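1. Starting from these lines, generate the structure:
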Amino acid sequence: MEIKILGPGCAKCKSLDKLTHEVVEKNGIKANITKVEDIMEIMKYGVMSTPALVIDEKVVMKGRVPSSDELKQLLTK
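-> Reported below is the predicted structural model:
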């Protein structure tokens, strides 16, 4: 699984990055996590509000930080 955290480095972006690493590690999910901070790269996904979560090149959430349970559901479905 390829996971990308899209965001320029704001507090919410850092929070989503940290939470994603925690959920992946805690649940034994095999994934590569990449932080994308380049605004031009972020815009290629059509994302206008960050942070955004991309799983296997599909934007699954944007503009907020999910709860750890919600994030686990997104990563395990």
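
2. now the strands for the protein?
-> For the chain, the strands defined by DSSP state E cover 2-6, 32-36, 52-55, 58-62.

3. From the contact counts, what lies against the last one?
-> Pointing back at strand 58-62 there. With contacts defined as 3 or more Cβ pairs under 8 Å, 6 or more residues apart in numbering; DSSP states H and E, strand 58-62 has these neighbours: strand 52-55. Quick note: C-beta positions are derived from backbone N, CA and C, even for glycine.

4. helices or strands up against the strand it packs on?
-> Using 3+ Cβ pairs under 8 Å, 6+ apart, strand 52-55 is in contact with strand 2-6, strand 58-62, helix 68-76.

5. now the first one against strand 32-36, angle please.
-> Going back to what we said before, that points to strand 2-6. Inter-element angle recorded for strand 2-6 and strand 32-36: 20 degrees (by axes from the mean of the first three to the mean of the last three Cα atoms, to 10 degrees).

6. contacting residues for Gln73?
-> Under the criterion of Cβ atoms under 8 Å, 6 or more residues apart in numbering, Gln73 has no neighbours.

7. Redo the helices and strands packed on strand 52-55 as a markdown table? Include distance to Thr34 and mean pLDDT.
-> Formatted as a markdown table, the helices and strands packed on strand 52-55 follow (distance: least, Cβ to Cβ, whole Å; pLDDT from 0 to 100):
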| stretch | distance to Thr34 | mean pLDDT |
| --- | --- | --- |
| strand 2-6 | 5 | 97 |
| strand 58-62 | 14 | 96 |
| helix 68-76 | 14 | 94 |
